[in-house]
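Undergrad: Have a look; sequence and predicted model below, questions after that.
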Amino acid sequence: MAKGGFRGGFPGGNQANMMRQAQKMQQDFMKMQQELEGTKFEFSSGGGAVKATMVGTRQLESLEIKPEAVDPEDVEMLQDLILAAVNGAIKLADDKTSEAMAKLQGGMGMGGFPGFF
């Protein structure tokens with residue numbers, strides 16, 4: 001056996017260091033999740049006639065409809081505006097979540113745990 005003993009574990013680093021990195025990533029993830037849950041995402045359709053506000057937990061918080069958007073002769077248009085506003089707010093929330101996850105994952109894979117992935 002070589003002087004100093006066998007250095008088993010993961011290639012390119014030691015196990016304790018990897019555990020610290022994993023714990024930090026978990027803490028960062030929890031912090032990011034809390035921040036996103038408190039974030040509001042607003043999206044308007046029809047030139048502002050309908051506005052949907054969603055919180056980061058993907059729950060619709062409010063839906064505002066301007067009176068001029070309500071036409072009893074054209075209910076389908078109002079339905080389309082509502083769908084567009086809600087789906088737009090969902091997309092904003094999803095995009096922000098994906099962006100935050102990409103930042104966290106920047107430390108994973110090839111660069112985060114050398115020799116492991």
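TA: Received, thanks.

Undergrad: mind listing what the residue most central in space within the chain touches?
TA: What sits nearest the mean C-alpha location of the chain, by C-alpha atoms, centre = their mean, is T97, with 1.2 Å. Neighbouring residues of T97 by C-beta atoms under 8 Å, 6 or more residues apart in numbering: 36, 56. All C-beta atoms are positioned from the backbone trio N, CA, C, and that covers glycine.

Undergrad: Now it. Its backbone dihedrals?
TA: Phi and psi for T97, reported as degrees, to the nearest 10, are phi -60, psi -40.

Undergrad: pLDDT score assigned to it?
TA: At T97, the pLDDT value in this model is 87.

Undergrad: Figure out the helix or strand that F43 lives in.
TA: Taking DSSP states H and E as the definition, F43 sits inside strand 40-45.

Undergrad: so A93 makes contact with R58?
TA: Yes - A93 is within contact range of R58, at 6.0 Å (criterion: C-beta atoms under 8 Å).

Undergrad: Next one: the residue lying closest to T39 once chain neighbours are set aside from E35, what distance?
TA: Among residues not flanking T39 along the chain, G56 sits closest, at 4.6 Å (C-beta to C-beta, 6 or more residues apart in numbering). For G56, the distance to E35 equals 8 Å [C-beta to C-beta, to the nearest Å].

Undergrad: When the two are compared, which one has more neighbours?
TA: Neighbour tally, G56 and E35, criterion other C-beta atoms under 10 Å: the higher count belongs to G56, 18 against 12.

Undergrad: Got the phi and psi for the more buried one?
TA: Backbone geometry at G56, expressed as degrees, to the nearest 10, gives phi -60, psi -10.

Undergrad: before we move on, the earlier item: distance of the residue nearest to the centre of the chain from E35?
TA: For T97, the distance to E35 - C-beta to C-beta - is 11 Å.

Undergrad: Likewise for A84?
TA: A84 sits 27 Å away from E35, going by C-beta to C-beta.

Undergrad: need the contact list for the residue nearest to T39.
TA: G56 is in contact with 35-41, 93, 96-97, counting by C-beta under 8 Å, 6+ apart.

Undergrad: Make CSV from these and add distance to E73 to it.
TA: Output for the contacts of G56, formatted as CSV (distance: C-beta to C-beta, whole Å):
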residue, distance to E73
E35, 44
L36, 41
E37, 41
G38, 41
T39, 38
K40, 33
F41, 32
A93, 33
K96, 38
T97, 39
